[in-house]
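**Q** Any chance you can model this:
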Amino acid sequence: MTVETFEAEINDALRAYDKHIVCIDKPTVDCRETLRSLIEKAIIAYETRGPHLRHGIALDKHVTIILSQSQTDRPLCGIYFNLVTPYYQKQAQRAVGAHEGQQG
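**A** The predicted structure is shown next:
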């Protein structure tokens with residue numbers, strides 16, 4: 001099993017990424033290399049998993065790759081984009097700060 005085994009999934013993910021995802025930290029060109037690298041790591045995790053485990057997982061801040069045991073020799077490949085916003089964290093910190101100043 002190699003990264004090329006999952007080339008169709010990579011291409012589908014890149015089309016979705018290019019159309020729907022805005023990520024200043026990871027342009028589409030860099031995303032392909034990230035996907036390939038994470039799939040390599042997921043393959044290693046999948047091939048070295050324990051006897052009762054069904055998945056190999058690799059992730060970074062923006063992407064999660066899951067290889068899942070299937071009825072065939074080829075595992076299922078799921079590519080998930082972790083949706084985050086830098087603004088949410090700043091707003092949440094402000095809200096916590098505002099509540100700390102209030103007394104009950």
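
**Q** give me the low-pLDDT residue ranges for the protein?
**A** For the chain, residues meeting the criterion pLDDT under 70 lie at 22-24, 85-104.

**Q** list the buried ones in the longest helix belonging to it?
**A** Taking DSSP state H as the criterion, the chain has its longest helix at helix 28-47. Buried residues in helix 28-47, defined by neighbour count with 16 or more other C-beta atoms under 10 Å: Cys31, Leu35, Leu38, Ile39, Ala42, Ile43, Ala45, Tyr46. Where C-beta positions appear, they are placed from N, C-alpha and C, glycine not excepted.

**Q** What of stretch 14-27?
**A** Those would be Leu14, Tyr17, Ile21, Cys23, Lys26, for stretch 14-27 by 16+ other C-beta under 10 Å.

**Q** ok, so of those, who is nearest Leu59?
**A** Lys26 (13.2 Å; C-beta to C-beta).

**Q** The closest one: what's it in contact with?
**A** Thr34, His62 (C-beta atoms under 8 Å, 6 or more residues apart in numbering).

**Q** Could you pull up the residues touching Asp25?
**A** Lys61, His62.

**Q** and the gap between it and Val84?
**A** Counting by C-beta to C-beta, to the nearest Å, the separation of Asp25 from Val84 is 10 Å.

**Q** Kindly report the same for Glu40.
**A** Glu40 is 24 Å from Val84, by C-beta to C-beta.

**Q** And the helices in this protein, which stretches?
**A** All helices of the chain, identified by DSSP H, fall at 7-20, 28-47, 86-100.

**Q** Show me how far the longest one is from its chain's centre.
**A** Counting by C-alpha atoms, centre = their mean, to the nearest Å, helix 28-47 is centred 9 Å from the centre of its parent chain.

**Q** Which neighbouring elements make contact with that helix?
**A** On a contact count with 3 or more C-beta pairs under 8 Å, 6 or more residues apart in numbering; DSSP states H and E, helix 28-47 meets helix 7-20, strand 55-59, strand 63-68, strand 76-81.
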